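1. below are the sequence and a predicted model for it; my questions follow.
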Amino acid sequence: MTQSIWRVTAQVQPGAYPKLVDDVEVDVAIVGGGITGITCAALLAAEGRRVALLEARTIAFGTTGNSTGNLYEVLSSGLAPVGQKWSRQVVRDVATSRRQAIELVERFAGRFGEASCFRRCPLYQYTSGDWSKIQAEYDALKDAGIAARLEEKAALPGPAAQSRAMVVDHQAQFHPLNYLRSLGAHAAELGVRVHEHSEVVEIDAEHHVLHTESGSVKAKEIVLATHTPKGIFGVHAQMLTHREYGVAGEVQSLQIPAGIFWQDGQTKRSFRNLEIAGKRYVIAVGAPDKTGLHDSEKALASLRSISQEYIPLGGERWEWSAQGYESPDLLPYIGRNPMDELYIATGFGTDGLTYGTLAAQIIADDILGKENPWATLYRAARFSPVKSIKQILEEQAIALKGLVADRVGLPEYAGPGSLEPGQAAVVKANGKKVALYRDEAGTVQAVSAVCTHMGCIVHWNQVEKSWDCPCHGSRFDICGDIIEGPALSPLATVDMEALGPRTGKK
Ligand code: FES
């Protein structure tokens, strides 16, 4: 099992929030207990709205609890590409809106004390390869009036790192799990009904009702703060889904100063440190890989190798991964979904802590009837085919492969002995596509390999021990239960007895 550094260093205890077991009516129902949902709930409750928040597992279970803890006004994929697709003004607006979101985090963190580990720090961008991309980013920032500077002799981590860097000062870092648990407690104090282990299994958009297995919430407004909206939405056909891996280890002395360090080029990685409870840690995060379409062990091995100078391979370490959704025109979708009036917030890329906070503010303001200066820029209903076409075609090719090509040429089921302990495979058995996993004790778990979202074939993730769908990022555990993504139903369980032949390798 993977585990993020935030879970082992958390000082704020998790709240004990009950499962939803009745039918309630509120002003606003929010699905998802990550940074978007909890922040939105707190903002609305502070203005007197009755709010219920439903989380399928526990607060910060998903991407927020597996994030980097970095907050920055620029973008990890660069603001220069935003300038090329949009305009200089949009570059300025993105940076300004994200700066304001960081200031909102800072205000909340100030309320929660030192546990949030909030600190201001510089962000460094550098490369061991071609400098021209960073120069272009520097030029775009200067052109848009954003403070950035070049430093020729910076102390920079990373393989064969150079000492020249672009620096954006006054960015920030925090402990996302401590922060979110504190914010959850604050929201509950303000009157938010927080329900954990309350997975939404049906969204009745017409009647504004959310159903779980044991209760329901009727609300004037529904916010899907689930990183990607639950159910079937037009944005799913446009966004690419990726995963990135993180590794952290405790160190005796910090070779990496306070700061966000992004190394570009062939060895794209990011580094940061963490000091908490008298201990020191170094955290390294790798480049994003497409969900369901990469070798997870290889991605993690590469990160281990590249970070071993700072995180010794022999010592205690923690490894994890997180998912991101990339919008095709480089801006997230925030606001009312045009088809059903539900609020959605998605397409944050790998910049979700800041965008999630910004989304919470935009959506809360809209519900409260307040004008928000960024609502139009990020509106979910925008249509930008010229800016988006390249990625939409790529996403459609992935979906086509998942729906058609992945079904062809699957091996026939050859009995449980055909898998070694720890191995998984997708096979054909009695006309069904079946996802098989054999655990270390030899027990085989069989579930349908057909994703319940829109029918693509799931792929195995050996690092996370999960079935990941390449089409829109739904992920399921070995029992078929949903971990994350747009799917609303688990993978169907398959009766091993009905699978057919019992021959195969022992
Ligand atoms: Fe959409 Fe699997 S088909 S996530």
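-> Right, received. Where do you want to start?
2. now the strands: where do they sit in the stretch 101-250 of the chain?
-> 119-127, 149-151, 165-173, 193-195, 202-204, 209-211, 216-224, 240-250 (DSSP state E, counting those that start in this stretch).
3. any idea which of the ones you listed is most buried?
-> Stretch with highest mean neighbour count among the strands of the stretch 101-250 of the chain: strand 240-250 (a mean of 24; mean count of other C-beta atoms under 10 Å). The C-beta positions use only the backbone N, C-alpha and C, and glycine is treated the same way.
4. and the contacts of the helix or strand following that one?
-> Going down the chain from strand 240-250, the next helix or strand is strand 260-264, by DSSP states H and E. Contact partners of strand 260-264, identified using C-beta atoms under 8 Å, 6 or more residues apart in numbering, comprise 70, 72, 76, 121-129, 133-134, 156-159, 161, 171, 173, 269-272.
5. go again with 7 Å.
-> Strand 260-264 has contacts (C-beta atoms under 7 Å, 6 or more residues apart in numbering) with 70, 72, 76, 121, 123-128, 133-134, 156-158, 161, 171, 173, 269-272.
6. ok, stretch 144-162 next?
-> By C-beta under 7 Å, 6+ apart, stretch 144-162 touches 83, 88, 91-92, 95, 124, 126-128, 138, 141-142, 163-169, 255-257, 261, 263, 267, 269, 271, 306, 310.
7. low-confidence bits of this protein, can you list those?
-> 265-267, 500-506 (pLDDT under 70).
8. which residue, neighbours along the chain excluded, lies closest to the residue of the stretch 301-450 of the chain found nearest the ligand?
-> Nearest to the ligand in the stretch 301-450 of the chain, going by C-beta to the nearest ligand atom, is Gly402, at a distance of 6.4 Å. Once flanking residues are discounted, Gly402 sits nearest to Cys456: 3.0 Å by C-beta to C-beta, 6 or more residues apart in numbering.
9. what sits against the closest residue to Arg98 other than its chain neighbours?
-> Excluding the flanking residues, the one nearest Arg98 by C-beta to C-beta, 6+ apart is Glu73, at 4.3 Å. Residues counted as contacts of Glu73 (C-beta under 7 Å, 6+ apart) are 95, 98-99, 102, 171.
10. CSV for the residues you listed, including distance to Ala16?
-> Shown next, in CSV, are these (distance: C-beta to C-beta, whole Å):
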residue, distance to Ala16
Ala95, 39
Arg98, 34
Arg99, 36
Ile102, 30
Gln171, 34
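11. out of the residues you listed, which one sits closest to the ligand?
-> Relative to the ligand, and with distances defined as C-beta to the nearest ligand atom, the nearest of the contacts of Glu73 is Arg98, at 28.1 Å.
12. distance check, the residue of the stretch 301-450 of the chain closest to the ligand against Lys433.
-> Distance of Gly402 to Lys433, computed by C-beta to C-beta, to the nearest Å: 11 Å.
13. overlap in contacts, those two.
-> By C-beta under 7 Å, 6+ apart, Gly402 and Lys433 have these common neighbours: Ile457.
14. the two: who's more crowded?
-> Gly402 (24 against 18; other C-beta atoms under 10 Å).
15. for that one, helix, strand, or coil?
-> Recorded secondary structure, Gly402: helix (DSSP: H, G, I helix; E, B strand; the rest coil).
16. and for Ile30?
-> strand.
17. residues in contact with it?
-> Counting by C-beta under 7 Å, 6+ apart, Ile30 has contacts 37, 40-41, 51, 53, 223, 225.
18. in TSV: those, plus distance to Asn372 and secondary structure.
-> Formatted as TSV, the contacts of Ile30 follow (distance: C-beta to C-beta, whole Å; DSSP: H, G, I helix; E, B strand; the rest coil):
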residue	distance to Asn372	secondary structure
Gly37	18	helix
Cys40	12	helix
Ala41	17	helix
Val51	18	strand
Leu53	21	strand
Val223	15	strand
Ala225	16	coil
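19. farthest pair in the residues you listed?
-> Val51 and Ala225 (11.6 Å; C-beta to C-beta).
20. in stretch 365-377, what's buried?
-> 365-367, 372, 374-375, 377 (16 or more other C-beta atoms under 10 Å).
21. buried ones in the helix or strand containing Val26?
-> Assigned by DSSP H and E, Val26 falls within strand 23-31. Buried residues in strand 23-31, counting neighbours by 16+ other C-beta under 10 Å, are found at 26, 28-31.
22. and the residues you listed, which is closest to Gly246?
-> Looking across those and measuring by C-beta to C-beta, the closest to Gly246 is Val31, at 25.7 Å.
23. which residues in this structure form helices?
-> Under the criterion DSSP state H, helices of the chain are mapped to 5-9, 35-46, 80-85, 88-112, 132-143, 176-189, 296-307, 352-368, 385-403.
24. dump the first one to PDB, restricted to CA.
-> Listed in PDB are the C-alpha atoms of helix 5-9, where the atom choice follows Å, rounded to 0.1, in the frame of the first residue of the first chain:
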ATOM      1  CA  ILE A   5       4.100  11.800   3.800                       C
ATOM      2  CA  TRP A   6       1.100  13.900   4.900                       C
ATOM      3  CA  ARG A   7      -0.600  11.000   6.500                       C
ATOM      4  CA  VAL A   8       2.400   9.900   8.600                       C
ATOM      5  CA  THR A   9       3.200  13.400   9.800                       C
END
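25. for it, packing partners?
-> helix 176-189, strand 269-276 (3 or more C-beta pairs under 7 Å, 6 or more residues apart in numbering; DSSP states H and E).
26. ok, now with 8 Å
-> Judged by 3 or more C-beta pairs under 8 Å, 6 or more residues apart in numbering; DSSP states H and E, the packing partners of helix 5-9 are helix 176-189, strand 269-276, strand 279-285, strand 317-326.
27. using CSV, write down the CA coordinates of the second one.
-> Once side chains and other backbone atoms are set aside, the C-alpha atoms of strand 269-276 remain, and they are given as CSV (Å, rounded to 0.1, in the frame of the first residue of the first chain):
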residue,chain,number,x,y,z
ARG,A,269,10.9,16.6,-11.1
SER,A,270,10.0,18.8,-8.2
PHE,A,271,11.5,19.0,-4.7
ARG,A,272,10.6,20.6,-1.4
ASN,A,273,11.4,20.0,2.2
LEU,A,274,9.1,19.7,5.3
GLU,A,275,10.0,20.4,8.9
ILE,A,276,7.5,19.2,11.4
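28. quick check: the residue nearest to Arg98 vs Ala101, distance?
-> The span separating Glu73 from Ala101 equals 8 Å under the rule C-beta to C-beta.
29. what parts of the stretch 401-506 of the chain come near the ligand?
-> 451, 453-456, 469, 471-474, 485-487 (C-beta under 6 Å from any ligand atom).
30. nearest residue to whichever residue of the stretch 151-300 of the chain sits closest to the ligand in space, please, no chain neighbours.
-> Here the residue of the stretch 151-300 of the chain nearest the ligand is His236; by C-beta to the nearest ligand atom that distance is 6.3 Å. Once flanking residues are discounted, His236 sits nearest to His472: 4.4 Å by C-beta to C-beta, 6+ apart.
31. look up phi and psi at that neighbour.
-> phi -140, psi 10 (degrees, to the nearest 10).
32. Ala322 versus that one, what's the distance?
-> 17 Å.
33. who's more crowded, these two?
-> His472 (28 against 23).
34. what residues does the more buried one make contact with?
-> His472 neighbours (C-beta under 8 Å, 6+ apart): 228, 236, 239, 241, 399, 453-454, 456, 485-486.
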